[in-house]
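Peer 1: this is a predicted model, with the sequence first.
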Amino acid sequence: MKEQVRLLSVNDLRVHFSQQKSGGLGKPVLIHVVNGVSFDVFQGETLGLVGESGCGKTTLGRALIRLGHSVVTGTISFEGREITSIGNREFRSLRKEIQMIFQDPFGSLNPRLTVGQMLGEVLLVHGIARGDAARKRIEELLDVVGLNKEYANRYPHEFSGGQRQRLGIARALAVNPKFIICDEPVSALDVSIQSQILNLLKDLQRDLGLTYLFIAHDLSVVEYISDRIAVMYLGKIVEIADYAELYANPMHPYTKALLSAIPNPEFGGKKDRILLNGDLPGPMNIPSGCGFHPRCPSAMAECRMRAPQLQEHNSANGHQVSCLLYE
Ligand code: SF4
């Protein structure tokens, strides 16, 4: 952890979607995708957020910047200011400070605009630069993400996957953000390209003082870039710790299973794969008690009835876990 200045604080965040039952009869039901999540992100750090596909991590990241048609309760504070209740107009000006990099950079780039036009539009809309100043800034942005300034005249389809992700990063940087939500930014890339993008993100963090929430389904990726890691399961954070502590001393049975799936035994010292029963249940079928109990190798009778709370286990290093084994 580099500094202990809170940049983002999330308290009891819940994200619900309204969905019609199959057959279209009856009242719509509320689907709880994020179910009471609390965490802080400190200035200059990377908090890794990891969990299986469908656990709610992307929905959580999008809810932080009001993307998606969901109902959000709880509070989000940015730089000490509560932003959940501010109006959309005020929130738009705040969006310069909080940017997002998406898993599919191609889907988030307008295919009809050249790179120069796309970045120029961002600079213009946010009142940052126009004309010659914008051209100069676009060249700087391309340089900073490791792309040739001549590429300003090219269209998105003329770039490789890794280059497109660099463009996505350039677009996020165009507005000089403080905080970037990185939503699986390397998941769709080849392994060799993944490390280049991760190194670029690390360099940018060091040079520009950025703070990241880094969302991924792969613990080996978040380990490389994170200062702390939060593990998410069925809409809740089940464990959160400094990355070295989490890998050396995982506590939650789900974290242990995720770590055991990493081929390299160096991670967490695990050689034997822990296989979980079944698949992640859907948000319409959340089990009673501890949501992990149908798949947990350590489940007890009590786990079917009582939901554990995320509690601090070690005050010296801030390791928190949500499991009845430790309550
Ligand atoms: Fe497993 Fe019970 Fe802990 Fe849940 S509370 S993770 S079911 S041991």
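Peer 2: Okay, I see it.
Peer 1: roughly how far does Gly74 sit from Ser85?
Peer 2: 11 Å (CB to CB, to the nearest Å). For glycine as for every other residue, the C-beta is placed from the backbone atoms N, C-alpha and C.
Peer 1: what about these two, which has more around it?
Peer 2: Gly74 (16 against 9; other CB atoms under 10 Å).
Peer 1: contacting residues around the more buried one?
Peer 2: Val10, Asn11, Asp12, Leu13, Arg14, Gly36, Val37, Ser38, Thr84 (CB atoms under 8 Å, 6 or more residues apart in numbering).
Peer 1: ok, now Cys303?
Peer 2: Per CB under 8 Å, 6+ apart, neighbours of Cys303: Gly289, Cys290, Phe292, His293, Cys296, Leu324.
Peer 1: helices of the stretch 1-150 of the chain, start to end?
Peer 2: For the stretch 1-150 of the chain, helices defined by DSSP state H, counting those that start in this stretch occupy the ranges 57-64, 88-94, 115-125, 131-144.
Peer 1: among these, which is nearest Ala230?
Peer 2: Closest approach to Ala230 among the helices of the stretch 1-150 of the chain (CB to CB): helix 57-64, 8.9 Å.
Peer 1: the closest one - what's its average pLDDT?
Peer 2: For helix 57-64, mean pLDDT is 94.
Peer 1: next: stretch 179-193.
Peer 2: Per-residue scores along stretch 179-193 average to 92.
Peer 1: any idea what the residue nearest the centre of the chain is bridged to?
Peer 2: Note on the chain: the residue nearest the mean C-alpha position is Ile215, at 2.9 Å, using CA atoms, centre = their mean. On DSSP bridges, the residues paired with Ile215 through beta bridges are Leu49, Asp183.
Peer 1: ok, it - contacts?
Peer 2: Ile215 touches Gly48, Leu49, Val50, Lys57, Thr58, Gly61, Ile181, Cys182, Asp183, Glu184, counting by CB under 8 Å, 6+ apart.
Peer 1: nearest to Leu208 among those residues?
Peer 2: For the contacts of Ile215, the nearest to Leu208 is Cys182 (14.1 Å; CB to CB).
Peer 1: look up how far the ligand lies from the closest one.
Peer 2: 28 Å (CB to the nearest ligand atom, to the nearest Å).
Peer 1: likewise for Asn249?
Peer 2: In this view, Asn249 and the ligand are 16 Å apart by CB to the nearest ligand atom.
Peer 1: thanks again, I'm all set now.
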